[in-house]
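Participant: What follows is a predicted protein model with its sequence.
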Amino acid sequence: MIEEILSQEVDDQALRAEWERIVRAGKHSKKIIRNAQVRGKSKKDPKYYDPNEMVRTGAVDADEYVFLHKAVKYFKPTNILEVGTWFGTSANAMASALPDGGKVYTCDKYDLFVGERPNIEYHNYISTRLIDRIISKGIKIDMAFWDAKFMRGDSEKLIKMVSPLVFLTHDYVQPEKGWRCVQELKERLGDRINVENHGIIGVVTMPIKVGQ
Ligand SMILES: C[S@@+](CC[C@H](N)C(=O)[O-])C[C@H]1O[C@@H](n2cnc3c(N)ncnc32)[C@H](O)[C@@H]1O
């Protein structure tokens, strides 16, 4: 599956330029300094205090940006749920590959979003609140990307909401957050899920619908 995702034809250079534009905007935004101050981050931490530091940025990197874009082209979702917006980097990678009428619904408990786009609906919420909003509005979600930990109850609702399951996660490396998300899905769904990865992006699929 990863090979098929990677074989999707895209404008690699344009996507990388887009990644750089969003990350630079995020790093130059006053929001990141405010966030660092509120969270007591050291003034020596270049992730927060050096706007030209483009390696440790908190966002997905340029390769991952291209991969997420290709994954959307491959899975062809209409609507995507994302948790962990940060600058809106990954949200843009996915939103720019959606068909007309599709949307990325994304949330972050911290407000650092700079990547506005008409088909991105951003909320300064925690995940449980966005999930409950989507369920109450009856919005159909076809794919999810978690750049965050699951909060209590998230995985249970996710499995019912995104069925057949298409779930991508960042930091899929033991014992990081993405790895823990995948362990929780395995506990709930066992062998029925297929897990592959491209670097530290984990891709979890379960072709059958929950209950079948
Ligand atoms: C690594 S950053 C996300 C980077 C982003 N995907 C990008 O490419 O720009 C992780 C973010 O997840 C947020 N987060 C973690 N758990 C969350 C939750 N349960 N609900 C909402 N936001 C959460 C954090 O506040 C943080 O901003």
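Facilitator: Arrived safely. Numbering: from 1, shown residues only.

Participant: and the lengthiest helix in the chain, what's its mean pLDDT?
Facilitator: Of all the segments of type helix in the chain, defined by DSSP state H, the longest one is helix 12-28. On average, the pLDDT along helix 12-28 is 98.

Participant: Give me the buried stretch members for it, please.
Facilitator: Leu15, Glu18, Trp19, Ile22, Val23, Arg24, Ala25, Gly26, Lys27 (16 or more other Cβ atoms under 10 Å). From N, CA and C alone the C-beta is placed, and that goes for glycine too.

Participant: hmm, who's touching that helix?
Facilitator: Applying Cβ atoms under 8 Å, 6 or more residues apart in numbering, the contact partners of helix 12-28 are 32, 50-54, 57-62, 65-66, 69, 86-89, 92-93, 96, 112, 114-115.

Participant: let's see it at 7 Å
Facilitator: Helix 12-28 is touched from outside by 32, 51, 54, 57, 59, 62, 65-66, 69, 87-89, 92, 112, 114-115, with contacts defined as Cβ atoms under 7 Å, 6 or more residues apart in numbering.

Participant: Over to the residue nearest the centre of the chain. Which of the three states is it?
Facilitator: Nearest to the mean C-alpha position of the chain, counting by Cα atoms, centre = their mean, stands Phe145 at 3.8 Å. Secondary structure, DSSP: H, G, I helix; E, B strand; the rest coil: Phe145 is strand.

Participant: For stretch 161-170, give the mean pLDDT please.
Facilitator: Summarised as a single mean, pLDDT over stretch 161-170 is 96.
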